[in-house]
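1. Here you go, sequence then predicted model.
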Amino acid sequence: MADHTPTRAERREATARRILEAAQHEFGAHGDGATIRSIARRAGVDPSLVLQHYGSKQALFSLAVRPVSDLEGEDVPAHLAEVLDVRLRELPASTKALMRSMLTSAEAAEAMSVYLRERAARLAEAMPDDHAELRAALVVSSIMGITIARHFLDLPALEDADGDDVAALVDSWTSTAP
């Protein structure tokens, strides 16, 4: 079996992917203070390639902070426990960049707002009671607060949180019992 030599398009795509990953890490670490040069250095490319691939720092920022929706399935409490378990571990670079930037960038704030509204709406659909929308908004905002406290404020109790304890608490949040 012969080795595959990457095509020019494949090399270009790999470079763009490295730049985007580097941008996610830099924006996550430095927010809007990240620079084209620091992103290029992390990606191992010339700064001109960053601009060639993405056009501007703002365009790259928009892609780097795009949230990924992971709320699917019917078992909402189990899913939320899983989401919390992930949020208590290492955050994806894009999530960290978005959260670090949402208070200083109108674009990041809007991206987070859209993401949270979508998550709350999907969660409310799975909560069959009169207060589903409010309960869903409270759960989503609680997860966001937990994520901030764990990854940006270093709240000690969250560093050692047990997955089973988290699951039991989430179940109590989403229960339809009065």
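-> Yep, it's here. Remember, predicted model here, so these are calculated numbers, not experimental data. Residues are numbered from 1 along each chain as shown.
2. and the closest residue to residue 123 other than its chain neighbours, what is it in contact with?
-> In this structure, residue 123 finds its nearest non-sequential neighbour in residue 136, 3.9 Å apart by Cβ to Cβ, 6 or more residues apart in numbering. The C-beta positions use only the backbone N, C-alpha and C, and glycine is treated the same way. Residues in contact with residue 136 (Cβ atoms under 8 Å, 6 or more residues apart in numbering) are 120-121, 123-124, 127.
3. Now, of those residues, which are buried?
-> 120, 123-124, 127 (16 or more other Cβ atoms under 10 Å).
4. Distance check, the residue nearest the centre of the chain against residue 66.
-> Centroid check for the chain by Cα atoms, centre = their mean gives residue 95 as the closest residue, at 2.3 Å. Here residue 95 is placed at a distance of 10 Å from residue 66 (Cβ to Cβ, to the nearest Å).
5. overlap in contacts of those two?
-> If you check residue 95 and residue 66 against Cβ under 8 Å, 6+ apart, no residue is contacted by both.
6. give me the element residue 18 is part of.
-> In the assignment (DSSP states H and E), residue 18 maps to helix 8-30.
7. what's that helix packed up against?
-> Using 3 or more Cβ pairs under 8 Å, 6 or more residues apart in numbering; DSSP states H and E, the elements in contact with helix 8-30 are helix 36-43, helix 47-54, helix 57-64, helix 93-101.
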